[in-house]
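Trainee: need a structure here:
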Amino acid sequence: MKARIVVTLKTGVLDPQGKAIEAALKSFGIESIEGVRQGKVFDIEVAATDLAGAEATLKTACEKLLANTVVENYAIEIA
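Mentor: The predicted model follows:
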């Protein structure tokens, strides 16, 4: 099974990289940008026979390595 995991900072957590990207876009003349939040995307292939097993494996991967759950949220999409 193929899956995509999107990791984003929780609301209220400062995002200096997002601010730097926003400033860079404005320096290129793209003035209509009002805010940027930076995140991560992981495309993963899972050897699982059922959806529940794949979700459990991916949730474990997120909580142990892919996301810092103190300051980040994650969403799992399985195709």
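Trainee: Only C-alpha atoms from now on, for both contacts and neighbour counts.
Mentor: OK.
Trainee: For residue 52, pull up the helix or strand it's in.
Mentor: helix 51-61 (DSSP states H and E).
Trainee: now the helices for the chain?
Mentor: 16-27, 51-61 (DSSP state H).
Trainee: Which one of those lies nearest to residue 40?
Mentor: Residue 40 lies closest to helix 16-27 among these, at 12.0 Å (CA to CA).
Trainee: Residue 42: neighbour count?
Mentor: For residue 42, the neighbour count with other CA atoms under 10 Å is 12.
Trainee: again, but for residue 7
Mentor: Close neighbours of residue 7, defined as other CA under 10 Å, add up to 21.
Trainee: and the closest residue to it other than its chain neighbours, what is it in contact with?
Mentor: Once flanking residues are discounted, residue 7 sits nearest to residue 74: 4.3 Å by CA to CA, 6 or more residues apart in numbering. Going by CA atoms under 8 Å, 6 or more residues apart in numbering, residue 74 touches 5, 6, 7, 8, 62, 67.
Trainee: Taking these together, which two end up most distant?
Mentor: 8 and 62 (11.9 Å).
Trainee: Wait, residue 76 touches residue 3, no?
Mentor: Yes - using CA atoms under 8 Å, residue 76 is in contact with residue 3, at 7.0 Å.
Trainee: Return the residues in contact with residue 73.
Mentor: 7, 8, 9, 10, 67.
Trainee: Tell me how far the nearest residue to residue 66 once chain neighbours are set aside lies from residue 20.
Mentor: Closest residue to residue 66 apart from its sequence neighbours, by CA to CA, 6+ apart: residue 7 at 7.9 Å. Distance, residue 7 to residue 20, by CA to CA, to the nearest Å: 19 Å.
Trainee: Kindly report the same for residue 29.
Mentor: Taking CA to CA, one finds residue 29 at 15 Å from residue 20.
Trainee: and the two? which has more neighbours close in?
Mentor: Taking other CA under 10 Å, residue 29 and residue 20 do not tie; residue 20 has more neighbours (13 against 10).
Trainee: What pLDDT is listed against that one?
Mentor: Listed pLDDT for residue 20 reads 97.
Trainee: Now do the residue of the chain most remote from its centre against residue 35, distance only.
Mentor: The centre of the chain is farthest from one residue, residue 29, which by CA atoms, centre = their mean lies 27.1 Å away. Distance from residue 29 to residue 35, counting by CA to CA: 15 Å.
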